[in-house]
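Visitor: What follows is a predicted structure for the sequence shown.
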Amino acid sequence: MGRSVGQTNCKRIGKNTLFVDFLFRYWHTIRHLKPIQFYARLWHRFYSPIPDLRSAPCIRRKKGVWRASACSHPSMLGPKKFKFLSVEGALSEVGWDGPQRDKLWRYNQHYFDYLNAGESVSRKDWQLSLLSNWILNNEPGKGNGWEPYPTSLRIVNWIKWSLSGNTLSPDCQNSLAVQARWLSKRLEHHLLGNHLFANAKALIFAGVFFEGLESDAWFSTGMKILNEQVPEQILADGGHFERSTMYHALIFEDMLDLCNLAETHPDRFESSFHQTQLEDWYQKIPKMCEWMQAMNHLDGEISFFNDAALGISLNGSELIEYGHRLGFDVKVNSNQSVWMQESGYARILCDNALAILDLAPIAPDYLPGHGHADTLSFELSIFGHRILVNSGTSCYGTSNERLRQRATSAHNTVTINEENSSEVWGGFRVARRARVLSPKVDLQGKVKSAVCSHDGYKRLAGKPIHKREWKLSDDCFVVRDEVSSKHVSAVARFHFHPSLDIISVTEDLSYGYAILPCGRKVKWKIELGLGGIENTSWHPKFGISIPSKCLKVKLINGSSQICWSWN
């Protein structure tokens with residue numbers, strides 16, 4: 001009897017502890033939010049406008065020329081068949097809102113990016129049919145397709161398709177106006193960031209595409225939002241403030257589209273207020289291009305920091321070509337080392353080796369949803385091949401796999417007691433987060449170096465601080481880690497790109513090498529620490545998981561050092 005009571009009490013205490021932990025974590029999540037995010041969330045949840053089904057205003061006549069925009073990646077496999085996020089599906093199977101596919105896949109259906117994909121002219125009949133099908137099967141204000149973010153992207157894609165020389169039917173024009181009216185009452189002030197940016201861009205496109213008083217209101221609202229958001233979201237070094245290479249490329253394309261629109265309808269932007277905004281956009285675009293190039297690997301594709309995957313945004317060369325068509329003097333210069341202090345990343349380059357270092361905050365305090373616990377991680381390319389990589393992103397949502405990919409252990413940095421440096425949880429939440437301390441970058445001389453600390457583990461016993469130092473020269477790369485408390489278990493992880501063959505020369509893994517696809521070798525030597533190999537995975541695209549290897553180095557008395565070399 002006593003044992004049963006004791007067991008019951010233990011379970012009750014355990015549940016109470018979990019509840020207290022949850023409240024503590026929740027408090028550290030919401031305390032960073034802006035006031036507008038609280039009341040806008042209540043408004044967004046409880047207010048549902050009635051769709052305004054009036055006929056569309058007249059279309060505005062173009063006074064300029066719409067330049068060919070950058071083409072998205074083809075995703076139509078047939079008249080009513082798609083491939084999104086590496087997964088195929090057909091309207092006959094999943095419809096527009098079928099539960100057979102996850103929410104992000106269904107979102108992609110409703111974006112209509114495929115209208116402006118490569119070689120889209122050959123699919124015009126399919127596109128016209130899908131436009132009519134969407135209007136017929138998506139009741140205004142109902143379903144995933146009418147949520148603000150997919151509505152925003154769809155408005156822009158329909159208008160870009162029309163500006164490219166195609167004709168929207170009267171039904172499509174009417175639907176487009178209904179969508180713009182609906183969006184103007186569903187702006188995502190509770191989310192802010194790239195979502196609110198997309199809302200504003202869509203209202204500007206609709207406000208330019210149509211004539212009349214209500215289109216004036218859409219245009220004015222969109223421009224006012226971007227007047228606040230562009231200076232905040234695009235940092236002085238050109239990086240996007242959410243610190244995701246993928247979202248940076250998406251916002252960069254947005255900025256190019258807006259400038260393209262201004263050239264197509266210069267009369268819409270003729271006021272002095274709007275001209276001042278345009279001048280600011282034109283000045284930011286070259287910086288955004290420079291940041292994107294600095295964060296690209298030698299293969300020309302993005303590095304994986306925070307939420308990042310290939311195939312969602314356009315690559316650097318496609319965006320640069322788009323910029324050139326708009327008359328921007330966008331220079332291609334990937335052969336320089338650079339310290340992007342405002343966003344917190346460093347690109348260090350010596351001969352055949354490139355390291356991209358994360359000395360950045362996880363994200364804006366009020367918007368960490370796309371952040372990973374990757375502080376002081378890095379990626380390494382040698383001889384044009386990726387050698388050490390962060391995990392990438394293959395899924396959104398609230399699954400355990402989503403949480404694992406955001407975890408510190410999925411990145412090239414140090415875990416302490418197998419905890420995360422920032423408390424990522426849920427699908428897009430962060431409680432206590434790491435703060436970078438005293439970052440220093442030296443790009444002078446033959447040896448490029450950087451050193452930085454973070455306090456993400458100060459919540460643990462002993463309040464340990466992680467300090468990391470990188471040194472790159474023409475033929476070696478040294479990474480040294482120190483943890484201030486000697487009474488914790490600390491492990492540095494180095495994730496190999498899956499294309500490499502990993503050979504251990506010594507039984508204790510203190511020495512070994514990786515064979516590149518080109519046949520060259522990159523060697524490692526653990527100069528301080530205890531080595532080990534674990535199986536893991538790399539996620540270069542949504543829906544893709546590739547088995548890979550990870551070298552673990554256990555810190556000894558709070559220190560470790562590894563040297564990577566090649567010739």
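Guide: Here it is on my side, so go on.
Visitor: a helix runs through Lys463, doesn't it?
Guide: No: counting by DSSP: H, G, I helix; E, B strand; the rest coil, Lys463 is not found in a helix; it is coil.
Visitor: Okay, now the unreliable bits of the protein?
Guide: Under the criterion of pLDDT under 70, the regions of the chain flagged as low confidence span 1-17, 332-333.
Visitor: Which parts of it are helices?
Guide: Listed in chain order, the helices of the chain (DSSP state H) span 2-30, 35-46, 91-94, 103-111, 124-137, 148-163, 170-184, 193-209, 213-233, 245-264, 272-294, 316-325, 400-406.
Visitor: Which of the residues in stretch 415-425 are classified as buried?
Guide: Across stretch 415-425, burial judged by 16 or more other C-beta atoms under 10 Å covers Thr415, Ile416, Glu419, Asn420, Ser421, Ser422, Glu423, Val424, Trp425. Just so you know, the C-beta spots here come from the backbone N, C-alpha and C atoms, and that holds for glycine as well.
Visitor: How about stretch 284-299?
Guide: Buried residues in stretch 284-299 (16+ other C-beta under 10 Å): 284-285, 287-298.
Visitor: quick one on the thing from earlier: put together TSV for the helices of the chain, with distance to Tyr511 on each row.
Guide: Shown next, in TSV, are the helices of the chain (distance: least, C-beta to C-beta, whole Å):
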stretch	distance to Tyr511
helix 2-30	42
helix 35-46	51
helix 91-94	52
helix 103-111	43
helix 124-137	57
helix 148-163	50
helix 170-184	59
helix 193-209	45
helix 213-233	46
helix 245-264	33
helix 272-294	33
helix 316-325	36
helix 400-406	30
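Visitor: most packed of those?
Guide: Highest mean neighbour count of the helices of the chain: helix 193-209, a mean of 25 (counted as mean count of other C-beta atoms under 10 Å).
Visitor: now for that helix, which elements pack on it?
Guide: helix 148-163, helix 170-184, helix 213-233, helix 245-264 (3 or more C-beta pairs under 8 Å, 6 or more residues apart in numbering; DSSP states H and E).
Visitor: Which among these is found nearest to Asp374?
Guide: Evaluated over the helices and strands packed on helix 193-209, closeness to Asp374 peaks at helix 245-264, with 11.9 Å, by C-beta to C-beta.
Visitor: by how many degrees do the closest one and helix 213-233 diverge?
Guide: 140 degrees (axes from the mean of the first three to the mean of the last three C-alpha atoms, to 10 degrees).
Visitor: what about dumping the CA coordinates of helix 245-264 to PDB?
Guide: The C-alpha trace of helix 245-264 is given here as PDB (Å, rounded to 0.1, in the frame of the first residue of the first chain):
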ATOM      1  CA  THR A 245      20.700  32.000 -46.300                       C
ATOM      2  CA  MET A 246      17.600  30.600 -47.900                       C
ATOM      3  CA  TYR A 247      15.300  33.300 -46.800                       C
ATOM      4  CA  HIS A 248      17.900  35.900 -47.700                       C
ATOM      5  CA  ALA A 249      17.800  34.700 -51.300                       C
ATOM      6  CA  LEU A 250      14.000  34.800 -51.200                       C
ATOM      7  CA  ILE A 251      13.900  38.400 -49.900                       C
ATOM      8  CA  PHE A 252      16.600  39.400 -52.400                       C
ATOM      9  CA  GLU A 253      14.300  38.100 -55.200                       C
ATOM     10  CA  ASP A 254      11.400  40.100 -53.700                       C
ATOM     11  CA  MET A 255      13.500  43.300 -53.800                       C
ATOM     12  CA  LEU A 256      14.400  42.700 -57.400                       C
ATOM     13  CA  ASP A 257      10.700  42.000 -58.300                       C
ATOM     14  CA  LEU A 258       9.700  45.300 -56.600                       C
ATOM     15  CA  CYS A 259      12.300  47.300 -58.600                       C
ATOM     16  CA  ASN A 260      11.200  45.600 -61.800                       C
ATOM     17  CA  LEU A 261       7.600  46.600 -61.000                       C
ATOM     18  CA  ALA A 262       8.700  50.200 -60.400                       C
ATOM     19  CA  GLU A 263      10.300  50.200 -63.900                       C
ATOM     20  CA  THR A 264       7.100  48.800 -65.400                       C
END
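Visitor: now for that helix, which elements pack on it?
Guide: Helix 245-264 is packed against helix 148-163, helix 193-209, helix 272-294, helix 316-325, with contacts defined by 3+ C-beta pairs under 8 Å, 6+ apart.
Visitor: can you redo the ones you listed as a markdown table with distance to Cys71?
Guide: Output for the helices and strands packed on helix 245-264, formatted as a markdown table (distance: least, C-beta to C-beta, whole Å):
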| stretch | distance to Cys71 |
| --- | --- |
| helix 148-163 | 11 |
| helix 193-209 | 18 |
| helix 272-294 | 18 |
| helix 316-325 | 7 |
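Visitor: Can you check which of those gets nearest to Asn306?
Guide: helix 193-209 (12.1 Å).
Visitor: I'd like to check the angle between that closest one and helix 213-233, please.
Guide: 150 degrees.
Visitor: Restrict helix 193-209 to CA atoms and write it as PDB.
Guide: The C-alpha coordinates for helix 193-209 follow below in PDB (Å, rounded to 0.1, in the frame of the first residue of the first chain):
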ATOM      1  CA  GLY A 193       9.500  39.100 -40.600                       C
ATOM      2  CA  ASN A 194       9.400  37.500 -44.100                       C
ATOM      3  CA  HIS A 195       5.700  36.900 -43.800                       C
ATOM      4  CA  LEU A 196       4.800  40.500 -43.300                       C
ATOM      5  CA  PHE A 197       7.300  41.400 -46.100                       C
ATOM      6  CA  ALA A 198       5.500  39.000 -48.500                       C
ATOM      7  CA  ASN A 199       2.100  40.500 -47.500                       C
ATOM      8  CA  ALA A 200       3.300  44.100 -48.300                       C
ATOM      9  CA  LYS A 201       4.900  43.000 -51.600                       C
ATOM     10  CA  ALA A 202       1.600  41.400 -52.700                       C
ATOM     11  CA  LEU A 203      -0.400  44.600 -51.800                       C
ATOM     12  CA  ILE A 204       2.000  46.700 -53.800                       C
ATOM     13  CA  PHE A 205       1.800  44.400 -56.800                       C
ATOM     14  CA  ALA A 206      -2.100  44.500 -56.600                       C
ATOM     15  CA  GLY A 207      -2.100  48.200 -56.100                       C
ATOM     16  CA  VAL A 208       0.100  48.700 -59.200                       C
ATOM     17  CA  PHE A 209      -1.700  46.200 -61.300                       C
END
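Visitor: my guess is Asn315 contacts Gly300, does it?
Guide: Yes: counting by C-beta atoms under 8 Å, Gly300 is a contact partner of Asn315 at 6.3 Å.
Visitor: picking up where we left off before, of the helices and strands packed on helix 193-209, which is nearest Phe273?
Guide: helix 213-233 (7.9 Å).
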